[in-house]
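Chemist: any chance you can model this:
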Amino acid sequence: MILYLIQHGIAVPEEQDPQKPLSMEGIEDTKKMARFLKEKDLKVEQIWHSKKMRSVQTAQIISEAITCKNMEERDDIDPKNPVDKFREEIQGLNADLMIVGHLPFLQKLAWFVPPYLL
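Modeler: Numbering: from 1, shown residues only. Next up is the predicted model:
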């Protein structure tokens, strides 16, 4: 099993749009990453992403470039959500997974789910 942790692309400031969608730079950067992953012929069983607009958009752009069987919007991977429950859930999948989310959540998850447990 391989776990891919992807931080969403650069968003517009909240003052410009409270939903904070991807900026033009964020869209372009995410498309570059998606092209890179496509060249590597990346395949994942699932993509999990938060409900925040910038995460949704990042996951959509990437999912169009790679092979992914299922994309799931989740309400438990926002920036400050706890990561405690994820170790068992991720291990239980026994398949390659991509999580598109936010800091500090992704950073905490990287420390909480050590590679030897995957």
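Chemist: drop to CA atoms for contacts and neighbour counts, all remaining ones
Modeler: OK.
Chemist: where exactly do the strands run in the protein?
Modeler: With DSSP state E applied, the chain shows strands at 3-7, 43-50, 67-74, 97-101, listed in chain order.
Chemist: dump these to a markdown table, plus mean neighbour count.
Modeler: Shown next, in a markdown table, are these (neighbours: other CA atoms under 10 Å):
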| stretch | mean neighbour count |
| --- | --- |
| strand 3-7 | 18 |
| strand 43-50 | 21 |
| strand 67-74 | 15 |
| strand 97-101 | 23 |
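Chemist: relative to residue 37, which of the ones you listed is closest?
Modeler: strand 43-50 (9.1 Å; CA to CA).
Chemist: quick one, that closest one and strand 67-74 angle?
Modeler: If you take axes from the mean of the first three to the mean of the last three CA atoms, to 10 degrees, strand 43-50 sits at 20 degrees to strand 67-74.
Chemist: name every strand pairing with strand 43-50 and say which way it goes.
Modeler: Applying DSSP bridges to the sheet, strand 43-50 is found paired with strand 67-74 (parallel), strand 97-101 (parallel).
Chemist: pLDDT value on residue 114, please?
Modeler: Residue 114 is assigned 62 on the pLDDT scale.
Chemist: ugh, typo on my part, it should be residue 3
Modeler: Residue 3 carries a pLDDT value of 92.
Chemist: so what's the spatially closest residue to it that is not a sequence neighbour bridging to?
Modeler: Leaving aside its chain neighbours, residue 3 sits nearest to residue 97 (5.0 Å; criterion: CA to CA, 6 or more residues apart in numbering). For residue 97, the beta-bridge partners are residue 3, residue 46 (DSSP bridges).
Chemist: residues contacting residue 97?
Modeler: Under the criterion of CA atoms under 8 Å, 6 or more residues apart in numbering, the neighbours of residue 97 are 1-4, 44-48, 90.
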